[in-house]
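# Fold the following.
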Amino acid sequence: MTLAFENMRMIKFFRFKNTQLKIIILTLFIFGCFSSGTKVHIKNESGHDLYNLVLSGSGFSEKIEELKDGTTTTIELFPPGESSLDLKFTANGKDFDLPQDTYFEGGGAYTVFVKIGKNFEVDVRVEI
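Sure thing, here's the model as predicted:
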């Protein structure tokens, strides 16, 4: 009788642990599916192709191998909190490092628009 009671307790214990594990996995899945990054739209109107374009900030760094003149691309960044934006690229045989005075946060509430214009002037606009 004692052995049967112990077996029942073990079965209930494992069922409880299994339920906890299912809840944890489901919670992680839901947060993983619905967490989104910050969309960044980059438009090249410089008159030159851009190479090794790196966008970086607090907790992130993303590289785009090539952005042809006249094209736009969109990437998603995942800063862990508040951030600004630093742009580095090579164009027309020169290296550029253009930190931008911007503010945005991760989590999907912000959208960043970057336009690289003539003379490699950079215009950044942030929307919530």
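# And stretch 113-128, end to end?
Counting by C-alpha to C-alpha, to the nearest Å, you get 11 Å between the two ends of stretch 113-128.
# Report the distance from that stretch to the chain centre.
Its chain's average C-alpha position is 19 Å from that of stretch 113-128, according to C-alpha atoms, centre = their mean, to the nearest Å.
# got the contact list for the nearest residue to residue 73 once chain neighbours are set aside?
Nearest non-adjacent residue to residue 73, counting by C-beta to C-beta, 6 or more residues apart in numbering: residue 42, 5.4 Å away. For the C-beta atoms, the positions are set from N, CA and C on the backbone; glycine is no exception. Each residue near residue 42 by C-beta atoms under 8 Å, 6 or more residues apart in numbering is listed here: 53, 55, 64, 67, 72, 73, 74, 75, 114, 116.
# Identify the residues contacting the fourth one.
The one in question is residue 67. Here residue 67 is in contact with 42, 44, 49, 50, 53, 73, 89 (C-beta under 8 Å, 6+ apart).
# Just name the closest of the residues you listed to residue 106, please.
residue 42 (17.8 Å; C-beta to C-beta).
# about what we covered before: buried ones only from the contacts of residue 42, please, as a ChimeraX command.
A single ChimeraX command suffices to select whichever of the contacts of residue 42 are buried according to 16 or more other C-beta atoms under 10 Å:
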select :53,55,64,67,75,114,116
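# Export the contacts of residue 42 as a markdown table, with columns for distance to residue 81 and pLDDT.
Putting those into a markdown table (distance: C-beta to C-beta, whole Å; pLDDT from 0 to 100) gives the following:
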| residue | distance to residue 81 | pLDDT |
| --- | --- | --- |
| 53 | 24 | 97 |
| 55 | 17 | 96 |
| 64 | 23 | 97 |
| 67 | 27 | 97 |
| 72 | 27 | 98 |
| 73 | 25 | 97 |
| 74 | 22 | 97 |
| 75 | 19 | 95 |
| 114 | 20 | 97 |
| 116 | 26 | 97 |
